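Enquirer: Below are the sequence and a predicted model for it; my questions follow.
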Amino acid sequence: MMYRSFIFAVIVFTSSLLGFSAVSCQMLPYQQQIAITAASSHRGASAVKEIVEDAHLNSLVGGLSSTYNLIRLVAENADAVTNASTLTPALPTYNVSRLCMDHTLAILKAVLEKETWAFQFFDAAGKLPAGLLEGALIWPGSYDECRDIIAVASRNGSAAQAPMFHGKYCMATVGIPTNSTVPPAMIPGMTSESGTNIAYGLCVPSSCTEADVTELLYTVMFMLPPTVVQVKNVSCQEPTYWDGRAIFALCLCAFFALLLTAGTLYDVLVYRFLTQQVEHISAHDDDGPTDFQGGEYKPLISKNVDDATTRETFIQNQNVFLRVIVCFSLYTNASKLLSTKVTSSQLSCVHGIRFLSLSWVILGHTYAFSMALVGNPLRLAATIKTVAFQTILNATYSVDSFFVMSGLLLTYLFLREMKSKGKVSLAKFYFHRFWRLTPAYMLILGLYVSLFKYFGNGPLWPKDGAEYNYCKDSWWKNLLYINNLFPSAVPGNMCMGWSWYLSNDMQFYIISPIILFTLYKSAFAGLSMIGGLILIHITSTAVLYGKYDFPPNFPADITDVQGFTLVMEMFDKVYFKPWCRVGSYAVGMAIGYALFRSEGRYRMTKWQVVVSWILAAGFCLCILYGLYGYYNGNEWLTPKTTIYASLSRIIWSLGLGILIFNCVNGYGGMINSFLSWRLFMPLGRLTYCAYLVHPIIMYAYFLSRRQLIYFTHGTFVIYYMAFLVLSYMVAFVLSLTFEAPMMGLEKIFLK
């Protein structure tokens, strides 16, 4: 078995051996050559020489030579090698199944017979790529070619003794230890301070398990010095079968499809039939079909009433069951979603800001989510220094825009309600928010967790879905909106990682009545409480940045592994936490109060308008491009970083708040006209669902890719536009079929 294992390793991984041996010769290689590239620019020839002297190339070249000779020996003497007793006595013994071994020998014999399918096993394996020094650490090979291979009996029957089998695609991750700084920290999971990981595609017989491949890789690695290459992980793509959670999710979708069909048919056919009857009878009898109310007869449906009003009147006259059914009418819900009618209580410019903010979120995520699959990540080293790329690096402020709008709208509408009715029901207040967010949120989470693994396939496709353990241990944290309070670095704590924003927003909403009731009774006391929230934001952020010495944003040097580690820790300790994000929400509340008091009629002099716009533009541009010097070599010490991190989100929020205040009070000019464009109204309504689904769409595309992405801005602009459009298309379907019906049900429940 020892020699059979060795034969398997030599034959099936011929390209692997050549590739790894070549890498080993260059790649202590790879990372040291990266260092050489940097050293050539900064430290001169002496540094280059020092690095090369540490490469231990002599032993590695010897390993390559031995590997090549061994491959040739096996290829020329396959049967003899099988029975050899003195080939390589020093080889360790590994556990490999007999069937896997037999199928491997069948491949060897078929290669000697020049069978095409046998050569495909080698052709489909990953190869040493070009652009290695630019960070190409994933060598996927040809996934589809491997999966399509069918082993058949050769012409002379040399493979007749082996059962037929197919190709199975596996991705092996091997580690190359190094003491040098590893550049591709932009590649999550592929690099660390201890070394570089290389993901390598392999094509093996379908009878081989992950354990078989792992053991055989260890056999291959035995040929190389143990400090050079280490097997980290092997993952093989297996056939996917429908499980119970997926079947339940599909049944749930079918149930909603039935409700949508029933609601739409009832709304369209029954309503329109009765309307036609009314119009026909009214042509002959002015009274039409009547209902006796208050001692006189009144038409059930008046043909002189607006169509939407008529439909609402007709629906309100039905029993609860029929009203529930009509909530699922695609016809009615589509008319509401696509409506561009402006009401007096709407702040029209908010629709445009909401859409543009989510567009900015999607832009940032397009770059961030793809970094693991970029074949030339080191190209980013120059790109991040440009002025234009600052909008990508600072895309996190788009989330603060949402916090500002959320706090602003809540305060403005709450105080208007208090003014008109004198009270607000807290039960309805909390129920409305929970019902507004949760049904769509939980449905998308459930479908995502249950069905995502069936969305695609590929060399990097997660065979058990994109979430750890199907969110079994964390879904309840999402339901209670507390998942942002747990350490995100712990697997299973953060299901749907981007949902941290919803938890923060809900937590701010829960505490808001204390401030809003106070603000309505006493402006000074209420504004003091808002100021207290801003102070909590500034203080907590400053303390954490001072304690952990976090960078102001992503590291200026993408070879800084420690810097990226600190950024990930910053996200966990600062970025996701409500006490470090509440400042933007509080600024929004203050602007909302100002709008409530001004009622859209605040008068400013010409110079006040000019100064306010200078402040708004200055605040936002200062934050958007304020780190340009940091990314171009200016050192930021801890005090400067702490001040920037503590105040930057407050300053951005103030700039946006001034913009909204000016637009609502009539000083927005062309900016307000653009932001109030009626096309933004339906897009703004779809923003919530688009936020929930856009990362899923990105995951599905990027993880199903067969090859790496070559980074250019043109490529990513196309990706961005595609993700933006597709996210809103999917959001429209989800909002039409689920979110809008839930909002209709809320009206029935509250009545």
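Expert: Perfect, thanks for sending it.
Enquirer: L437 and Y509 touch, don't they?
Expert: No - using Cβ atoms under 8 Å, L437 is not in contact with Y509; the gap is 9.2 Å. For the C-beta atoms, the positions are set from N, CA and C on the backbone; glycine is no exception.
Enquirer: can you pull out the strands in the stretch 101-250 of the chain?
Expert: Ranges of strands in the stretch 101-250 of the chain, per DSSP state E, counting those that start in this stretch, are 138-139, 167-177, 191-192, 195-205, 230-236.
Enquirer: again, but for the stretch 251-400 of the chain
Expert: Using DSSP E, counting those that start in this stretch, strands in the stretch 251-400 of the chain cover 290-293, 296-299.
Enquirer: any idea of the mean pLDDT in the last one?
Expert: Summarised as a single mean, pLDDT over strand 296-299 is 40.
Enquirer: Same check on stretch 370-378?
Expert: With pLDDT averaged residue by residue, stretch 370-378 scores 83.
Enquirer: ditto for stretch 684-699
Expert: pLDDT averaged over stretch 684-699 gives 96.
Enquirer: mind showing which ranges of the protein have poor pLDDT?
Expert: Along the chain, the parts satisfying pLDDT under 70 run over 1-94, 154-163, 178-195, 221-228, 271-318, 344-345, 489-492, 558-559, 751.
Enquirer: In it, which residue is most central in space?
Expert: Taking Cα atoms, centre = their mean, the centroid of the chain lies closest to P695, which sits 3.2 Å from it.
Enquirer: Could you report the distance from that one to N394?
Expert: 19 Å (Cβ to Cβ, to the nearest Å).
Enquirer: list the buried ones in stretch 400-414?
Expert: By neighbour count on 16 or more other Cβ atoms under 10 Å, the buried set for stretch 400-414 is 400-412, 414.
Enquirer: can you list contacts of it?
Expert: Outside stretch 400-414, the residues within contact range by Cβ atoms under 8 Å, 6 or more residues apart in numbering are 345, 347, 350, 353-354, 357, 360, 424, 501, 504-505, 508-509, 512, 516, 519, 581, 584-589, 591-593, 595-596, 649, 652-653, 656-657, 660.
Enquirer: Out of those residues, which end up buried?
Expert: 347, 350, 353-354, 357, 360, 424, 501, 504-505, 508-509, 512, 516, 519, 581, 584-589, 591-593, 595-596, 649, 652-653, 656-657, 660.
Enquirer: Now intersect the residues you listed with the helices, please.
Expert: 350, 353-354, 357, 360, 501, 504-505, 508-509, 512, 516, 519, 584-589, 591-593, 595-596, 649, 652-653, 656-657, 660 (DSSP state H).
Enquirer: ok so, going back, I'd guessed the residue nearest to the centre of the chain sits against I362; true?
Expert: No - P695 is not in contact with I362 according to Cβ under 8 Å; the separation is 9.1 Å.
Enquirer: show me what contacts P487?
Expert: By Cβ under 8 Å, 6+ apart, the contact set of P487 is 493, 572.
Enquirer: tell me the SS of it?
Expert: Following DSSP: H, G, I helix; E, B strand; the rest coil, we place P487 in the coil state.
Enquirer: So it versus V582, what's the distance?
Expert: From P487 to V582 the distance is 20 Å (Cβ to Cβ).
Enquirer: swap in M529?
Expert: 12 Å.
Enquirer: who has more neighbours, those two?
Expert: More crowded of M529 and V582, by other Cβ atoms under 10 Å: V582, with 25 against 18.
Enquirer: how much space between that one and K573?
Expert: 15 Å.
Enquirer: Same question for S522.
Expert: 35 Å.
Enquirer: Kindly report the same for L358.
Expert: 26 Å.
Enquirer: Looking at those two, which is more packed in?
Expert: Higher neighbour count among L358 and K573: L358, with 25 against 19, using other Cβ under 10 Å.
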